[in-house]
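1. Could you look at this predicted model? Sequence included:
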Amino acid sequence: EAGVTQSPTHLIKTRGQQATLRCSPISGHTSVYWYQQALGLGLQFLLWYDEGEERNRGNFPPRFSGRQFPNYSSELNVNALELEDSALYLCASSLWTVTSNQPQHFGDGTRLSIL
Amino acid sequence: AQSVTQLGSHVSVSEGALVLLRCNYSSSVPPYLFWYVQYPNQGLQLLLKYTTGATLVKGINGFEAEFKKSETSFHLTKPSAHMSDAAEYFCAVSMIKAAGNKLTFGGGTRVLVKP
């Protein structure tokens, strides 16, 4: 079974540019989550998508946005990039039901570097 | 809101010695608890999870963790460390029906294994 795949592996941008990160979940998983792992800030929840809808977002500005496609893959878009956006962005997928809690399975991440 | 505290950002153990990583959580209701491991330049790999039932949970690679509600703890142990256990370990919690399935992570504990 293929795991969660993310692309690209590395992305280098300059301040003010836009970045698009992509994620393909494990087959059968409908929920996709995005996390930011920045140096000194730990792992922080960014966004949760399920069945094509944004279900929850963390404490990040609106320039962090995304979407989920009908095949459950997802994009994370970061506009007006700032130096502090440099981080490893991790995508995870899971099954989700209202009555149980399924573990999230993570991809290897996209390392975004802002120059 | 829930929070997770991992005592000790760095732990050094000798090969063959006990590995003990501490995790305490705060939550208004019993959460779901997870331990993840992150090897260099990789994403997070699920070690084990506690949802309901038996409080001693066995995971992969010889790790286990015990849920103690009275102490709000979920410490991770491995009887005998191996060189391949050198990695960063994250404790995480999530709440069913609250903000979906988002994970709240501790700050992580980096494990160094000495030969």
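-> Right, received. Where do you want to start? Please read all numbers here as calculations on a predicted model, not as lab measurements.
2. Could you give the average pLDDT over stretch A:36-50?
-> Averaged across stretch A:36-50, the pLDDT comes to 92.
3. got the contact list for that stretch?
-> A:30-35, A:54-60, A:64-68, A:74, A:76, A:84, A:86-90, A:96, A:109, B:90, B:99-108 (CB atoms under 8 Å, 6 or more residues apart in numbering or on different chains). Where you see a C-beta, it was placed from the backbone N, CA and C, and this is true even at glycine.
4. In strands, which of those appear?
-> When DSSP state E is applied, these are split such that A:31-35, A:54-57, A:64-68, A:74, A:76, A:87-90, B:90, B:104-105 fall in strands.
5. Near chain B, which residues of chain A are found?
-> A:4, A:6, A:31, A:33, A:35, A:42-45, A:48, A:50, A:55-56, A:58, A:90, A:92, A:94, A:96, A:98-109 (CB under 8 Å from any CB of the partner chain).
6. which of those residues are buried?
-> A:4, A:6, A:31, A:33, A:35, A:42-45, A:48, A:50, A:55-56, A:58, A:90, A:92, A:94, A:96, A:101-109 (16 or more other CB atoms under 10 Å in any protein chain shown).
7. In helices only, show me the residues you listed.
-> Counting by DSSP state H, no part of these is found in helices.
8. Skipping adjacent residues, who's closest to the residue positioned nearest the centre of chain A in space?
-> Centroid-nearest residue in chain A: A:W34, 2.8 Å away (criterion: CA atoms, centre = their mean). The shortest distance from A:W34 to any non-neighbouring residue, by CB to CB, 6 or more residues apart in numbering or on different chains, is to A:L46 (4.1 Å).
9. Let me know how buried that neighbour is, in neighbour terms.
-> 23 (other CB atoms under 10 Å in any protein chain shown).
10. how close does it get to B:P30?
-> 26 Å (CB to CB, to the nearest Å).
11. same thing with A:S113?
-> 40 Å.
12. The two: which has the busier surroundings?
-> Between A:S113 and B:P30, B:P30 has the larger neighbour count (other CB under 10 Å), namely 16 against 13.
13. Report the helix or strand with the lowest average pLDDT across chain A.
-> strand A:53-57 (a mean of 91; mean pLDDT, DSSP states H and E).
14. Report all helices and strands that it contacts.
-> Applying 3 or more CB pairs under 8 Å, 6 or more residues apart in numbering or on different chains; DSSP states H and E, one finds that strand A:53-57 contacts strand A:42-50, strand A:64-68.
15. ok, B:S70 - contacts?
-> B:S70 neighbours (CB under 8 Å, 6+ apart): none.
16. For A:P70, give me its contacts.
-> Per CB under 8 Å, 6+ apart, neighbours of A:P70: A:G52.
17. Tell me the secondary structure of it, please.
-> coil (DSSP: H, G, I helix; E, B strand; the rest coil).
18. Kindly report the same for the one 10 residues further on.
-> In three-state terms, and counting by three-state DSSP, A:A80 is coil.
19. For it, grab the count of nearby residues.
-> Around A:A80 there are 11 residues (other CB under 10 Å).
20. Give me the spatial nearest neighbour of it, chain neighbours excluded.
-> A:R63 (5.2 Å).
21. Relative to A:Y49, how far out is the one you found?
-> For A:R63 relative to A:Y49 (CB to CB), the value is 17 Å.
22. the more surrounded of these two?
-> A:Y49 (28 against 13).
23. pLDDT weak spots in chain A?
-> Under the criterion pLDDT under 70, the flagged ranges of chain A are A:1, A:97-101.
24. Could you do chain B as well?
-> Checking chain B against pLDDT under 70 turns up B:96-100.
25. Tell me the residues of it that contact chain A?
-> Counting by CB under 8 Å from any CB, chain B sits next to chain A at B:32, B:34, B:36, B:41-46, B:49, B:51, B:90, B:94, B:96-97, B:99-108.
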